[in-house]
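S.K.: Quick one, what's the 3D model for this:
(chains A and B)
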Amino acid sequence: MRGNGSRRDVGLAVVLVLAVLIAGANFVLVEVRLLIVQFETRLSWVLLVPAILGFATGVSYTRKRSGSRPGP
Amino acid sequence: MPRAVSLVARAVSVLCVVLLVALVVFDAVAERFTAGLTPVQFSQRLKADLLDDYGRIVGVAHNAGDDVAAANEAVAHGVDAVEIDVTSVGGQLHASHDAPVPFLDTLFFRGPTLEEAWETARLRDTVVLHLKETSRRYLDQVAEFLRVREPRRVIFQTRDAESLRVLRRTVPSARRLLLLFRPRDVERLRSDAGLVEMIDGVSVRDSVLEPELQSWLRRRRLAIFAWTINDDRRMNELVERGVDGIITDRLDIMALLGGRREVPR
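M.R.: Residues are numbered from 1 along each chain as shown, chains lettered A, B, ... in the order given. This next block holds a predicted model:
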């Protein structure tokens, strides 16, 4: 259990370090056009925010499905 | 052991989250270290009466070389000289006001190279190079950069007297200005006769440039460049007292000092 916990911590740390590097390397203003909405933001956030939202949605969906599945 | 790994990993995670939040909150500061400082150029209606002797003053576009668009705009307004902040990124010369993030500079920094800034700055007769570093390797790089390019009237400005001594040997044709930020810098200059002898002039912060200092510099035949002058009444005052260069963010002042009485549209 402890091994799993530390693997998860290391995994999270690696992902966050990558996020910082990606944010720094793409810290440039871009204009985002979402059909009717238009705004200026950093390319870093355009890359990272959807990735985080997508990942979080995937994890919560998987958990919900495995929770509702009947046991053996 | 896994516990120690876990603790380190958590500490790294917290640090990364703090960094990401800092990037969001301090957006403008972060931009300075990743793209360089974008010069804030603007125009205003002149309030002061015009003088007759602007022609002998060198108008310098403050930090305009750090952003190619700003440099182009300054050149279009007829500025006499473009100032470029010269810094080293991954061993290459770039134009940037602030030193990029160490170790990650080649990944993070996306400001113009000195070559790109020079391409625009060389459209005018004079180029002002503000030297941000002092290492011998960096100074040799700057000298080599200038050696292989078509001659331009180059003015170096730095706060490091030793750099000016080195450049006197390696780029003898350039003019050398010592940067004066604080009264302490002025005292150092006043007390060092060798330094006064070695430099061609000073580039001095407006708040430090008292009339008495200006007279002292004049008596020693040192050129005076004042920064950052964005008020035209103050500009007139300095011109009447006898400065040689005005470093400004104002496009209309650049146009005026460059010999244009009307700002282009």
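S.K.: B:H62 against B:A226, yeah?
M.R.: No - assessed by Cβ atoms under 8 Å, B:H62 is found out of contact with B:A226, at 11.1 Å. Quick note: C-beta positions are derived from backbone N, CA and C, even for glycine.
S.K.: okay, and the common contacts of the two?
M.R.: Common contacts of B:H62 and B:A226, defined by Cβ atoms under 8 Å, 6 or more residues apart in numbering or on different chains, comprise B:I247.
S.K.: B:R184: how many residues sit nearby?
M.R.: By the measure other Cβ atoms under 10 Å in any protein chain shown, the count of residues near B:R184 is 10.
S.K.: ok, now B:L146?
M.R.: 21.
S.K.: Equivalent analysis for B:F26, please.
M.R.: By other Cβ under 10 Å, the burial measure for B:F26, its neighbour count, is 11.
S.K.: And the residue of the stretch 101-250 of chain B that's closest to chain A?
M.R.: Closest to chain A within the stretch 101-250 of chain B is B:F108: 4.4 Å, counting by Cβ to the nearest Cβ.
S.K.: tell me the pLDDT at A:F55?
M.R.: Looking at A:F55, its pLDDT stands at 89.
S.K.: Lowest-scoring secondary structure element of chain B by mean pLDDT?
M.R.: Averaged element by element with mean pLDDT, DSSP states H and E, chain B has its least confident helix or strand at helix B:105-108 (a mean of 80).
S.K.: residues in contact with B:L114?
M.R.: Here B:L114 is in contact with B:I84, B:V86, B:L93, B:H94, B:A95, B:F145 (Cβ under 8 Å, 6+ apart).
S.K.: Show only the entries of those residues found in strands.
M.R.: Cross-referencing the contacts of B:L114 with the strands (criterion: DSSP state E) gives B:I84, B:V86, B:L93, B:H94, B:A95 as the overlap.
S.K.: Chain A: which of the residues you listed is nearest?
M.R.: The shortest separation between chain A and any of the ones in strands among the contacts of B:L114 is 15.7 Å, and it belongs to B:H94 (by Cβ to the nearest Cβ).
S.K.: Residues touching whichever helix or strand B:L178 is part of, excluding its own?
M.R.: With secondary structure defined by DSSP states H and E, B:L178 is part of strand B:175-180. With contacts defined as Cβ under 8 Å, 6+ apart, strand B:175-180 is touched by B:130, B:153-159, B:161, B:164, B:167-168, B:185-186, B:189, B:195, B:198-205, B:208, B:223, B:225.
S.K.: likewise stretch B:182-200?
M.R.: Contact with stretch B:182-200 is made by B:159, B:161, B:164-165, B:168, B:175-180, B:202, B:205, B:208, B:213, B:216, B:220, B:222-223, as judged by Cβ under 8 Å, 6+ apart.
S.K.: from the middle of its chain, how far away would that stretch be?
M.R.: When distances are taken as Cα atoms, centre = their mean, to the nearest Å, stretch B:182-200 is centred 20 Å away from the chain's centroid.
S.K.: Which of the three states applies to residue 55?
M.R.: Here I'm looking at chain A. Under the three-state scheme (DSSP: H, G, I helix; E, B strand; the rest coil), A:F55 adopts helix.
S.K.: The intended chain is chain B.
M.R.: Classification of B:G55 by three-state DSSP places it in coil.
S.K.: On the pLDDT front, check it for me.
M.R.: Per-residue pLDDT puts B:G55 at 79.
S.K.: Now do the strands in the chain.
M.R.: All of this is about chain A. Here chain A has its strands, by DSSP E, at A:29-34, A:37-42.
S.K.: nope, chain B
M.R.: Per DSSP E, chain B carries strands over the ranges B:58-61, B:81-89, B:92-95, B:126-131, B:153-158, B:175-180, B:201-205, B:223-227, B:245-248.
S.K.: Can you tell me which of the strands of chain A is nearest to chain B?
M.R.: Within those, the stretch nearest chain B is strand A:37-42; the backing value is 7.5 Å (Cβ to the nearest Cβ).
S.K.: Number of residues surrounding the nearest residue to B:V171 once chain neighbours are set aside?
M.R.: The shortest distance from B:V171 to any residue that is not its chain neighbour, by Cβ to Cβ, 6 or more residues apart in numbering or on different chains, is 5.2 Å, and that residue is B:A143. Using other Cβ under 10 Å, B:A143 is surrounded by 15 other residues.
S.K.: List the residues that contact B:A143.
M.R.: B:L167, B:T170, B:V171.
S.K.: Repeat that for B:A121.
M.R.: B:A121 sits in contact with B:G65, B:A71, B:V75, B:A81, B:V82, B:I84, B:V127, where contact means Cβ under 8 Å, 6+ apart.
S.K.: How about the contacts made by B:S13?
M.R.: A:D9, A:L12, A:A13, A:L16 are the contacts of B:S13 under Cβ under 8 Å, 6+ apart.
S.K.: cool, B:A35 as well?
M.R.: When contacts are taken as Cβ under 8 Å, 6+ apart, B:A35 is in contact with A:F27, A:V28, B:F109, B:R110, B:G111.
S.K.: Drop anything exposed from the residues you listed.
M.R.: Among the contacts of B:A35, those classed as buried by neighbour count (16 or more other Cβ atoms under 10 Å in any protein chain shown) are A:F27, B:F109, B:G111.
S.K.: Please enumerate residues in contact with the least confident helix or strand of chain B?
M.R.: A:L21, A:G24, A:A25, A:F27, B:F33, B:T34, B:V89, B:G90, B:P100, B:V101.
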